[in-house]
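*Asks:* need coordinates for the following:
(one chain, ligands or ions: 1)
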Amino acid sequence: MLDFGSQYTQLIARRIRELNVFSVILPWDVSTEKIKSLNPKGVILSGGPESVTESNTPRIPEIIFELGVPVLGICYGMQTLAEQFGGQVSSSKNKEFGHAQILLEKSSMLFDGFSSGSSIDVWMSHGDHVSTLPDEFILIASTASAPIAAMEHAQKPIYALQFHPEVTHTKQGNTVLENFTFKICQCAAQWKMENLIQQRIDEIKEKVGDQKVLLGLSGGVDSSVTAMLLDQAIGKNLICVFVDNGLLRKNEAEDVENLFKDKMDLNLLVVDAKKVFYRHLKGVSDPEQKRKIIGRTFIDIFDNEAAKLKDEMNFLAQGTIYPDVIESSESESKEARVIKSHHNVGGLPDDMKMELVEPLRDLFKDEVRKMGSELGLPLEMLNRHPFPGPGLGVRILGEISQEKVLTLQNADAIFIEELIQADLYHQVSQAFCAYLPVKSVGVVGDERRYADVIAIRAVETVDFMTATWARLPYDFLAHVSNRIVNELEGVSRVVYDISSKPPATIEWE
Ligand code: XMP
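*Replies:* Numbers count the residues shown, from 1 in each chain. Model prediction:
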């Protein structure tokens, strides 16, 4: 997939993977060597926000046509194809956005299974359109507002669509993508989880041989799946380090130790660094400063532990996944090997001359979960809500103390336990408690209590970029609030956070 910047680029890549065919997203200006090294069976050109009617906008590199493999241009991909083959693209005054019906003008392998003359419901989202077909191209579909809605090259396997086959609003979009993938590119449906696991194990074995690999295990999905995969590949040559920073959820350190050390028999080193973290955080209340201290302390401790190991560590494994790669490098061609900063390892210390092992680097989150489940990780763990790297450090407002951590851990455990009991846990995307150092008066039994406040937060979101507060039932909230105030001495009041994002972020700090 060549990316021209469409909001749907990742979706196209996923649709192809859902057909059990491997696909990878590359920027439109990727190097020729990179494309050649992948030996693609076909190329899809994504949509994009720019206009080919303007100069200096992205174009398809010549190498794509020299490969001789089938090409499918979508939206901007179609427009730049048309322009590069000598057709014309015009800007419309009105952007076409929404449902449309295309009429199939001529039979085409891309629309195999549909009879010509029939119409298909599609989703359009474009300003420009192809106004004159390039000489070598044939019209295959039209709509009232986009007379050239699909076209194909007269001799070569080059196809283009103005609409978006990848979105669910295009009802038969999957058939079109299947036709391109299987009938035109002749791909085999081999991207299956079991093959993938075996392939990754073989790759790790080949890269690492009988040398040692160090992994910072956080207990989150990505680093856990990475650990399981490496365990299968190299067994005891994998050394996992889990740092208990004292800012984890209740029982988390014990749970991680039980699962990975006792049950899975991994080579796991649990470092109890609670005191060091609390000491470094003492007197600090600024959120960004807390984040920095937590990150730096983690690196120091991790580095220190690695130095204590008697064997030389040649490799550092990381649970980097595909969205991290896309987020952290604007352009893959620049090959920015940015180390994921929040979850597993805060940054590779300069004097740790280790090579990276990142076996999940090209997988989406749901693929990582599927892999984890095949590798024997429990579903409750794989489907747990996300938890920020700095942990409770950004959920205790202001200065952190061990006492506040204990109160928050207990409050949070009550809330999560009740959500699970009420079958509400998976209906929200992320839920947690925050600790507000605000004294309020309460009455418990005959006594007045002057204690702090716990805020409950639960949000629904697809991408975590925007989120709405979850409309949890009042009776449920009442029950959770009662339990927290009654069971925890340090809390006099519970409030429910009814802010959406934006303007409020999901976390409180
Ligand atoms: P916000 O608070 O920005 O959070 O709406 C969006 C998502 O990111 C998580 N988050 C973090 N994760 N380190 C992390 O690893 C962080 O510093 C951090 N801050 C927020 C948050 O839990 C939510 O899922």
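
*Asks:* contacts, neighbours, all on C-alpha from now
*Replies:* OK.

*Asks:* how about the residues of this structure by the ligand?
*Replies:* Contact residues, the chain versus the ligand (Cα under 6 Å from any ligand atom): H342, H343, P386, F387, P388, G389, P390, F464, T505, I506, E507.

*Asks:* pLDDT weak spots in the protein?
*Replies:* Within the chain, the stretches with pLDDT under 70 are 326-352.

*Asks:* any idea which helix or strand comes after the longest helix anywhere in the chain?
*Replies:* In the chain, assigned by DSSP state H, the helix with the most residues is helix 287-308. Moving toward the C-terminus from helix 287-308, the next helix or strand (DSSP states H and E) is strand 313-317.

*Asks:* give me the buried positions along that following strand.
*Replies:* Within strand 313-317, the residues that count as buried by 16 or more other Cα atoms under 10 Å are M313, F315, L316, A317.

*Asks:* can you map out the helices along the stretch 301-450 of the chain?
*Replies:* 322-328, 365-374, 379-382, 402-421 (DSSP state H, counting those that start in this stretch).

*Asks:* would JSON lines of those helices with mean neighbour count be doable?
*Replies:* Formatted as JSON lines, the helices of the stretch 301-450 of the chain follow (neighbours: other Cα atoms under 10 Å):
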{"stretch": "helix 322-328", "mean neighbour count": "16"}
{"stretch": "helix 365-374", "mean neighbour count": "18"}
{"stretch": "helix 379-382", "mean neighbour count": "14"}
{"stretch": "helix 402-421", "mean neighbour count": "19"}
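
*Asks:* among those helices, which is nearest G246?
*Replies:* For G246, the closest of these is helix 402-421, at 7.8 Å, according to Cα to Cα.

*Asks:* got the contact list for that closest one?
*Replies:* Here helix 402-421 makes contact (Cα atoms under 8 Å, 6 or more residues apart in numbering) with 246-250, 278, 392, 396, 425-426, 431-435, 454, 456, 480, 483-484, 488, 490-491.

*Asks:* ditto for stretch 138-158
*Replies:* Counting by Cα under 8 Å, 6+ apart, 69-72, 100-108, 129-133, 136-137, 159-163, 184 sit against stretch 138-158.

*Asks:* next up, phi/psi of E54, please.
*Replies:* The phi/psi pair for E54 (degrees, to the nearest 10) reads phi -100, psi 140.

*Asks:* who's in contact with the spatially most central residue of the chain?
*Replies:* Geometric centre of the chain, nearest residue: P323, 4.1 Å, by Cα atoms, centre = their mean. Residues in contact with P323 (Cα under 8 Å, 6+ apart) are F364, K365.

*Asks:* so how far is the ligand from it?
*Replies:* 13 Å (Cα to the nearest ligand atom, to the nearest Å).

*Asks:* returning to what we had before: and the furthest pair within the residues of the chain next to the ligand?
*Replies:* H343 and T505 (18.6 Å).

*Asks:* of the two, which one has the most company?
*Replies:* Remark: of H343 and T505, H343 carries more neighbours, 22 against 14, as counted by other Cα atoms under 10 Å.

*Asks:* just checking, what's the longest strand in this structure?
*Replies:* Ranked by residue count, the top strand of the chain under DSSP state E comes out as strand 88-104.

*Asks:* distance across stretch 264-284, terminal residue to terminal residue?
*Replies:* In stretch 264-284, first residue to last residue: 38 Å (Cα to Cα, to the nearest Å).

*Asks:* repeat for stretch 35-45
*Replies:* Distance across stretch 35-45, first residue to last, is 13 Å (Cα to Cα).

*Asks:* so how far is it from its chain's centroid?
*Replies:* Centre-to-centre, stretch 35-45 and its host chain are 23 Å apart (Cα atoms, centre = their mean, to the nearest Å).
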